[in-house]
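**Student:** sequence unknown, structure follows:
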């Protein structure tokens, strides 16, 4: 894991001092609200429905146990004993007091964390595959490049005031688990015909009001050119992105307006001047950052040890958890464990201070002191010995982390919705809970198999509803909360935007609509066919007919 | 005469900035004053402006292309970029282009919604003079230079990015 040197520490400390000064000038009336807003947003501080909300960066989802303990401490000392993991691998606190935010930032700086650029019209936290470094299908460990991008984007003097927010995701594996096609820039590690490693650069993806799957602007960018090319893309966007209408200000609108070929040509023209400049990465530079992400000293262990196989055979509940909540590891004898933050009755992504401490302890005891945050809002223990899995399962159960639903319908990706967010049109948490309650029967849930269910409380799409196999969008109809359902969306290497099935539903009717949709799936599926495959094969009509059928 | 910040100090300044009024008309400019005029006026009649007794400089709006000024940069006493709102970041790219692509070495001034919190970034991309917005603390703005003592990126002030300096010193 990356460790700060003296310079990193200094930059973060200076940012804390700058923000403390800005906060004081706001509280004393020297800075107007309109002036303070962009400044506080660039430090992750929103003013929400009840209190400020502070979003803390978890760079590319990497957390050390000591950092997670610090987050637990902050939840206890400054908040209401819990926090919320977001769909961009960050964590947010819902109840801090404005005047104490600089103190929180100072505490975070002690463990090499910050809230820099977690909001605002600037380059946001770089995200990647939660299984980076341990996945079996990895082409290249993307984390050194993620850290290089994190540093490049941090307080970049040219790009502090972009037309709109800017999100970069990196995927190093065959299967794209970082949703790179719905980011402003998606970087996909590829090899060219000579075996050289580079990035396929995808630009202009995004969800929100205008969901668009990104398009390739460069098929193969040698890795050494990463930063000069990013500078070129950002400069074109900074200069020519629309600033007259915030709903048309994302880079996706610029790419559409210029056409992808026109945009790529403009970037290429800009890049001519930057290419091979001082930001070109030398092998030694990359090696320096990669040296922070070497493998831990794994034990040489057999796969499927007898103690695992025996428990798997005799305890169906354990076998079920093993199947759903663990993932294959590149090292024999190890698996990655997904701690589900999707227990029925708990808002998706929420975690208590006690759970944070417990997870940090397990990361030390069963792993190498590291955890990952998944964009699906779950927490991951990346390196667990297979022989320890039974014990980890029991501990996870004791902390409410072991709901065996990872990848299933109740593993809902969900924004905080109208209970917290002042942008939301509708609440999301109670509706997500109603769906989880309706599908609480594990046999039924397992029978339905893998289904991505994504839920956003408004068209800003923080819950990524467009790319859920089944998506829910909260809409406002004359002051009432209604819910639109989409089908057929998917994330990953074949990202697709889902289609709305018809008129929206009252809150109480959403679970029943889900039940009808699932009934159609169970009737129509062929052997082993997943929900999304059935939807693609039969189309939306059979689902529409059932859901909107008049009662007889 | 009023105060601006230039090269890290408060300085007295005589330049007038010529801006259109609400009807799009430009007020008359006395022949002997030093004036910073919009790019369009400059391009329309360079010779007339150059023939005045006072000095003439040019300011760019954020949507203008610095290339249009490239041929004149060596002869201009000052180039300015307007920041109509501090959240409009286009001027930062213009600053870099003027310095790095068109090798402009003279005074580069930031006009408009400019105050202490922006100074560090503006300095890094090449601005060296700042007309601080009316009502904002001018002397206090000097502290903006020192907000950060280091940065990660290649900038006009320090073209070698931190990662390169780090690895070289290993």
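**Tutor:** Yes, it's here. A quick note: this is a predicted structure, and the numbers were derived from the prediction, not measured. Residues are numbered from 1 along each chain as shown, chains lettered A, B, ... in the order given.
**Student:** In the chain, what helix or strand scores lowest on average pLDDT?
**Tutor:** Assuming you mean chain A. Least confident helix or strand of chain A, by mean pLDDT, DSSP states H and E, is strand A:45-47 with a mean of 88.
**Student:** should've been chain B
**Tutor:** None of the helices or strands of chain B scores lower by mean pLDDT, DSSP H and E than helix B:138-141, at a mean of 90.
**Student:** can you tell if that helix touches chain A?
**Tutor:** No. Against chain A, helix B:138-141 shows no contacts by C-beta under 8 Å from any C-beta of the partner chain, the least distance being 9.3 Å. C-betas here are computed from N, CA, C, even on glycine.
**Student:** Does anything pack onto that helix? Which helices or strands?
**Tutor:** The contact analysis (3 or more C-beta pairs under 8 Å, 6 or more residues apart in numbering or on different chains; DSSP states H and E) places helix B:138-141 against strand B:2-6, helix B:116-124.
**Student:** Can you tell me which of these is most buried?
**Tutor:** Highest mean neighbour count among the helices and strands packed on helix B:138-141 (mean count of other C-beta atoms under 10 Å in any protein chain shown): helix B:116-124, with a mean of 23.
**Student:** C-terminal to that helix, which secondary structure element comes first?
**Tutor:** Using DSSP states H and E, the next helix or strand after helix B:116-124 towards the C-terminus is strand B:129-130.
**Student:** Can you give the distance from that next one to the centre of its chain?
**Tutor:** Strand B:129-130 sits 6 Å away from the centroid of its parent chain (C-alpha atoms, centre = their mean, to the nearest Å).
**Student:** With stretch A:403-419 instead?
**Tutor:** Relative to its parent chain, stretch A:403-419 has a centroid offset of 13 Å by C-alpha atoms, centre = their mean.
**Student:** Which residue would you name as the spatial centre of chain B?
**Tutor:** Centroid-nearest residue in chain B: residue B:109, 2.3 Å away (criterion: C-alpha atoms, centre = their mean).
**Student:** In contact with that residue, which residues?
**Tutor:** Contacts for residue B:109 (C-beta atoms under 8 Å, 6 or more residues apart in numbering or on different chains) come out as B:4, B:36, B:59, B:78, B:79, B:80, B:81, B:127, B:128, B:129, B:130, B:131.
**Student:** Also residue A:393?
**Tutor:** By C-beta under 8 Å, 6+ apart, the contact list for residue A:393 reads A:318, A:321, A:322, A:402.
**Student:** Nearest to residue A:56 among those?
**Tutor:** Residue A:56 has its nearest neighbour among the contacts of residue A:393 in residue A:402, at 25.8 Å by C-beta to C-beta.
**Student:** Skipping its backbone neighbours, what lies nearest the residue of chain B found nearest chain A in space?
**Tutor:** For chain B, the residue closest to chain A is residue B:89, as judged by C-beta to the nearest C-beta, at 2.9 Å. Ranked by C-beta to C-beta, 6 or more residues apart in numbering or on different chains and with sequence neighbours excluded, the top spatial neighbour of residue B:89 is residue A:161, at 2.9 Å.
**Student:** Tell me the spacing between that neighbour and residue A:237.
**Tutor:** 12 Å (C-beta to C-beta, to the nearest Å).
**Student:** Next up, the contacts around the closest residue to chain B within chain A.
**Tutor:** Using C-beta to the nearest C-beta, the single residue of chain A nearest to chain B is residue A:161, 2.9 Å away. Residue A:161 sits next to A:38, A:121, A:122, B:86, B:87, B:88, B:89, B:92 when contact means C-beta under 8 Å, 6+ apart.
**Student:** could you redo these as a markdown table and give each row pLDDT, secondary structure and distance to residue A:258?
**Tutor:** Below are those laid out as a markdown table (pLDDT from 0 to 100; DSSP: H, G, I helix; E, B strand; the rest coil; distance: C-beta to C-beta, whole Å):
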| residue | pLDDT | secondary structure | distance to residue A:258 |
| --- | --- | --- | --- |
| A:38 | 95 | helix | 27 |
| A:121 | 97 | coil | 20 |
| A:122 | 97 | coil | 22 |
| B:86 | 97 | coil | 27 |
| B:87 | 97 | coil | 23 |
| B:88 | 98 | coil | 20 |
| B:89 | 98 | coil | 19 |
| B:92 | 98 | helix | 21 |
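**Student:** ok, of the residues you listed, which come out buried?
**Tutor:** Neighbour-count burial (16 or more other C-beta atoms under 10 Å in any protein chain shown) applied to the contacts of residue A:161 gives A:38, A:121, A:122, B:86, B:87, B:88, B:89, B:92.
**Student:** ok, the third one touching residue A:166?
**Tutor:** Yes. At 6.8 Å, residue A:122 counts as touching residue A:166 under the criterion of C-beta atoms under 8 Å.
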